[in-house]
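A.B. asks: take this sequence and fold it.
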Amino acid sequence: MRISIITVCYNRVETIERTIRSVISQDYEEKEYIIIDGGSSDGTVDIIRRYEGDLACWISEKDGGIYEAMNKGIRYATGEVIAFLNSDDWYEDNILSETAHGFEDAKTQILCGDVRCHHDGTVSRYRVNREPEEELRFRMVYWQPAMFVRRELFERYGGFDTRYRIAADYDWMLRMYDRHIAISLTDRVLTNFSYGGISTRADMLRVQAEEGRQAALLALSRNQELSAEQKEQWKKRIENEYDRGIENYKFKKLLREIAGGDGQMILTRVRSAFRNDACEIFGCGMIFREIGGLLRRLQISVTALWDNDPGKWGQRIDGIQIRNPAQLKPGQNTVIIASVDYERQIGLLLEQKGFKKGEDYLPYSELRRRILRAAEEKGIDQGDVCHK
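C.D. replies: Residues are numbered from 1 along each chain as shown. Next comes the predicted model:
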């Protein structure tokens, strides 16, 4: 079975070689690698030429954006299975053989796996969504760089809608979901994801939220199986999800403002949302870095770190040891959940231990909301965040 890997890139001289090497070093022989470059001028093309003997084909020309380039790659692909690897991401060693094995079952149409996310020296594993598939109705629950797709799906249902700047992969997955295309999962880490690409840039978060809302509502409107009542329920969930996306954009913007000239004035307002000088954090990934930096500016100390990943237990960050959450008990400082994808699961875990939401623990989304309110309304007391 041939697997076609497609990388689209533009001015990625600093990262493209690692991406290329992670593909060509795979021990699976039935692979073809296609690179679609958007007319780079920074030396990216020179690196591609260096490896052209290992490529099925490559082109460098101006295009209309990421999804037009991906569609172009699909047209060049000859493999039964297609995957997209971003130009600043890279595969784990020798994962193509296992992926091909997964497609030996004719029922496997789409195969998704885990990713390792790299951000400012922090490495976090993000597991493929194991919640009900219906969550796809209101948010993208799979990581495209760790997704492999039978080519016949693109031939039958079309490629990516180039009207989207950032959410065309989500729109495409919704189209597959509405057609009841089976999504198979593996608990293997397939891809290393570099935080900082277009989908994670602060200036694109608003676009991501607006386009995600548009794609989700469009899919809902064309669905012929849901009742009017069910559609109304899903619409509310969709609106809530993407309202949080806009909120996340505003929060990132606030952090940039804090780092700028008006930082001290904003910090004074934000500090009013906290009644104590200490709290604990559950989760040591990207959100932890974000929250930790803000707490340091506010002179609020972190007294304990907790994480579900056993590989992190015993490690230290800023002198604080990461501990097994089995040891967690209510009654100490408020625990802030520093996670988006696992916010609900961690909250349920804490509640099973007797923690009360809003008193003993605070989800990241609620913390973010309180901080934004405090920043926007000078002198307001929006309640306690770390109150014990």
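A.B. asks: next, residue 12: secondary structure please.
C.D. replies: At residue 12 the chain is in coil, as set by DSSP: H, G, I helix; E, B strand; the rest coil.
A.B. asks: wait, what's in contact with it?
C.D. replies: Applying Cβ atoms under 8 Å, 6 or more residues apart in numbering to residue 12 gives the contacts 19, 40, 42, 44, 87-88. Any C-beta I mention is one placed from the backbone N, CA and C, and that applies to glycine too.
A.B. asks: for residue 61, same thing?
C.D. replies: With Cβ under 8 Å, 6+ apart, residue 61 has these contacts: 37-39.
A.B. asks: one more: residue 207?
C.D. replies: 165-166.
A.B. asks: so which strand or helix has it?
C.D. replies: Residue 207 belongs to helix 205-222 when assigned by DSSP states H and E.
A.B. asks: three-state assignment of the residue lying closest to residue 85 once chain neighbours are set aside?
C.D. replies: Using Cβ to Cβ, 6 or more residues apart in numbering and skipping the chain neighbours, the partner closest in space to residue 85 is residue 7 (5.1 Å). Of the three states, residue 7 takes strand under three-state DSSP.
A.B. asks: list the beta-bridge partners for residue 7.
C.D. replies: Beta-bridge pairing for residue 7 (DSSP bridges): residue 35.
A.B. asks: that one reaches residue 88, doesn't it?
C.D. replies: No - if you go by Cβ atoms under 8 Å, residue 7 and residue 88 don't touch, sitting 9.9 Å apart.
A.B. asks: between these two, which is the more surrounded one?
C.D. replies: residue 7 (27 against 22; other Cβ atoms under 10 Å).
A.B. asks: please name the residues that touch that one.
C.D. replies: Here residue 7 is in contact with 16, 19-20, 23, 33-36, 84-87 (Cβ under 8 Å, 6+ apart).
A.B. asks: swap the cut-off to 7 Å and go again
C.D. replies: Contact analysis of residue 7 by Cβ atoms under 7 Å, 6 or more residues apart in numbering lists 19, 35, 85, 87.
A.B. asks: pLDDT at the residue nearest to residue 85, what is it?
C.D. replies: pLDDT for residue 7: 98.
A.B. asks: for residue 291, same thing?
C.D. replies: 84.
A.B. asks: and for the one 5 residues further on?
C.D. replies: With respect to pLDDT, residue 296 scores 86.
A.B. asks: got it, and the one 5 residues further on?
C.D. replies: Each residue has a pLDDT score; the one for residue 301 is 92.
A.B. asks: now it, nearest residue through space, not along the chain?
C.D. replies: Closest to residue 301 by Cβ to Cβ, 6+ apart is residue 278, at 4.8 Å.
A.B. asks: show me the shaky parts of the stretch 151-300 of the chain.
C.D. replies: 196-203, 260-265, 273, 275 (pLDDT under 70).
A.B. asks: that one: helices as residue ranges?
C.D. replies: 151-157, 168-178, 205-222, 228-259, 263-271, 286-297 (DSSP state H, counting those that start in this stretch).
A.B. asks: I'd like to know how far the residue nearest the centre of the chain sits from residue 26.
C.D. replies: By Cα atoms, centre = their mean, the mean C-alpha position of the chain lies nearest to residue 143, the distance being 6.7 Å. With distances taken as Cβ to Cβ, to the nearest Å, residue 143 is found 19 Å from residue 26.
A.B. asks: re the thing from before, identify the contacts common to residue 7 and residue 88.
C.D. replies: By Cβ under 7 Å, 6+ apart, residue 7 and residue 88 have these common neighbours: residue 19.
A.B. asks: roughly how far does residue 114 sit from residue 129?
C.D. replies: 10 Å.
A.B. asks: residue 302 too?
C.D. replies: 29 Å.
A.B. asks: those two: which has the busier surroundings?
C.D. replies: Using other Cβ under 10 Å as the criterion, residue 302 and residue 129 rank with residue 302 on top: 21 against 18.
A.B. asks: so what's that one closest to, chain neighbours aside?
C.D. replies: That would be residue 281: by Cβ to Cβ, 6+ apart, it lies 5.5 Å from residue 302.
A.B. asks: just grab the bridge partners of the one you found for me.
C.D. replies: With DSSP bridges as the criterion, residue 281 is bridged to residue 305, residue 336.
A.B. asks: okay, now residue 256: neighbour count?
C.D. replies: Residue 256 has 12 neighbours, counted by other Cβ under 10 Å.
A.B. asks: just want the angle from the longest strand along the chain to helix 168-178.
C.D. replies: Taking DSSP state E as the criterion, the chain has its longest strand at strand 183-194. Counting by axes from the mean of the first three to the mean of the last three Cα atoms, to 10 degrees, strand 183-194 lies at 170 degrees to helix 168-178.
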